[in-house]
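**Student:** no FASTA, just this:
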Ligand SMILES: O=C(O)CCC(=O)C(=O)O
Ligand SMILES: [Fe+2]
């Protein structure tokens, strides 16, 4: 890692940035909350977001201990890049900086473990409830994900409405850490002022669907949720309400897991 990357790492994650050896110091079992044995793990609770086909929320995906282990591994182990997708830049309010870390290809072991935990959580729920959370071709593809992006948002920072880039396959997972937020989903086909906007109203395409993401939660987007709905997090003052109360904003970190489309 060169000096520039180290400086970026410090800026993003403070002074705790470390070496691969430090990363390995956290054991696999610790990162999984001390229960590597799948048969001993509790079935996580999943909710379908009924308005949006393909959108599933698991609020208890990671225990508080797993969350802090994951944050430590993330802070220690990533090579960072500041990147500037146009939709990301628009999301950054004022002079504040959206901090990002990105990793492609061979994910670090803790990220591979996270991907395995996502698959386990889906399989356990499908086995227990007979529900279909992900199409089998996504659930059983190898690897499930090969790209990771970590976003660190300061209070007031969010991400504007977007559909994830088409260079990523279907089936996207977002893990939330540190603090809660409300993510809003809006149907891509609905544009205010359009001639047939009234028809949209009948089809339920109007209005944003709020989804509350507490720390330790996991959301899965596939099908309609991935392609036909935009998602956004507006953390400007006055936009983060849940059950009638404005959320007290703190730093929030998210980890988004995706799979790149094959290049022809
Ligand atoms: O930070 C989040 O929860 C969402 C991130 C996101 O939508 C993205 O990186 O495409
Ligand atoms: Fe996204």
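**Tutor:** Yes, it's here. Keep in mind that this is a model prediction, so the values were computed, not measured. Residues are numbered from 1 along each chain as shown. Ligands and ions are numbered 1, 2, ... in the order given.

**Student:** make it CA atoms for all contacts and neighbour counts henceforth
**Tutor:** Will do.

**Student:** So, low pLDDT: which residues of the stretch 51-200 of the chain?
**Tutor:** Regions of the stretch 51-200 of the chain meeting the criterion pLDDT under 70 cover residues 77-105, 191-200.

**Student:** Run through the strands of it in chain order.
**Tutor:** 55-58, 99-104, 147-153, 159-162, 172-177, 181-187 (DSSP state E, counting those that start in this stretch).

**Student:** okay if I get these as TSV plus distance to residue 256 and mean neighbour count?
**Tutor:** Conversion of these to TSV gives the following (distance: least, C-alpha to C-alpha, whole Å; neighbours: other C-alpha atoms under 10 Å):
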stretch	distance to residue 256	mean neighbour count
strand 55-58	14	22
strand 99-104	10	19
strand 147-153	5	21
strand 159-162	13	19
strand 172-177	4	23
strand 181-187	14	22
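
**Student:** of all those strands, which lies closest to residue 141?
**Tutor:** Closest approach to residue 141 among the strands of the stretch 51-200 of the chain is made by strand 172-177 (12.8 Å; C-alpha to C-alpha).

**Student:** which residues make contact with that closest one from outside it?
**Tutor:** 67, 71, 213-222, 226, 252-259 (C-alpha atoms under 8 Å, 6 or more residues apart in numbering).

**Student:** my read: residue 179 touches residue 217, true?
**Tutor:** No - at 10.4 Å, residue 179 does not count as touching residue 217 under the criterion of C-alpha atoms under 8 Å.

**Student:** the more surrounded of these two?
**Tutor:** When residue 179 and residue 217 are compared for neighbours, residue 217 comes out ahead with 22 against 19, by other C-alpha atoms under 10 Å.

**Student:** Counting neighbours, what do you get for the nearest residue to the more buried one once chain neighbours are set aside?
**Tutor:** Closest residue to residue 217 apart from its sequence neighbours, by C-alpha to C-alpha, 6 or more residues apart in numbering: residue 59 at 4.2 Å. By other C-alpha under 10 Å, the residues close to residue 59 number 21.
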